[in-house]
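S.K.: Quick one: sequence and predicted model below, then my questions.
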Amino acid sequence: QVQLVESGGGEVQAGGSLRLSCAASKRVFSNYHMAWFRQAPGKEREFVAYISWSGDTTDYTDSAQGRFTISRDNTKNAVYLQMNSLKPEDTAVYYCAASIRYSSFTHTATYDYWGQGTQVTVSS
């Protein structure tokens with residue numbers, strides 16, 4: 001069982017930055033591929049960023065490319081999302097997710113474990 005706990009959300013003005021963290025409970029965290037998703041009110045949960053178990057491979061949704069950076073520290077069982085140049089449309093609850101499989105990493109169904117989410121609000 002993997003437990004994920006997100007932190008670092010909050011309210012920021014447009015153009016500002018936030019760094020989200022996700023702490024994993026399982027000591028074999030390094031075997032898991034990790035991702036960040038987000039869900040805005042009235043919308044489906046959508047993929048934001050992905051990082052492979054080794055950290056060698058990352059991928060981003062188009063809207064996050066160039067503004068967000070995903071990283072991980074397997075010695076701390078943690079994954080991060082650095083978000084810069086935030087826009088009001090980035091407002092959502094952000095979730096981290098873990099999968100033992102490398103398959104369709106942009107799809108929510110791929111992931112076995114989810115955190116409870118952290119709210120990010122960007123004001124204009």
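M.R.: Thanks, I have the structure now. Numbering: from 1, shown residues only.
S.K.: Contacts for the worst-scoring helix or strand of the chain on mean pLDDT next, please.
M.R.: In the chain, no helix or strand scores lower on mean pLDDT, DSSP states H and E than strand 113-114, which sits at a mean of 94. Contacting residues not belonging to strand 113-114 are listed as Gln1, Val2, Gln3, Leu4, Tyr95, Cys96, Ala97, Ala98, Ser99 [Cβ atoms under 8 Å, 6 or more residues apart in numbering]. No exception for glycine: its C-beta is placed from N, CA and C like everyone else's.
S.K.: what do you get if the cut-off is 6 Å, keeping everything else the same?
M.R.: For strand 113-114, the surrounding residues in contact (Cβ atoms under 6 Å, 6 or more residues apart in numbering) are Val2, Leu4, Tyr95, Ala97, Ala98.
S.K.: Kindly state the beta-bridge partners for the spatially closest residue to Phe68 that is not a sequence neighbour.
M.R.: Using Cβ to Cβ, 6 or more residues apart in numbering and skipping the chain neighbours, the partner closest in space to Phe68 is Met83 (5.1 Å). Per DSSP bridges, the residues bridged to Met83 are Leu18, Phe68.
S.K.: From what I see, Met83 and Leu18 are in contact.
M.R.: Yes. Here Met83 reaches Leu18: they are 5.0 Å apart, a contact under Cβ atoms under 6 Å.
S.K.: check contacts around the spatially most central residue of the chain.
M.R.: Centroid-nearest residue in the chain: Trp36, 2.1 Å away (criterion: Cα atoms, centre = their mean). Residues counted as contacts of Trp36 (Cβ under 6 Å, 6+ apart) are Val48, Ala49, Leu81, Cys96.
S.K.: helix or strand for Val12, which one?
M.R.: strand 10-13 (DSSP states H and E).
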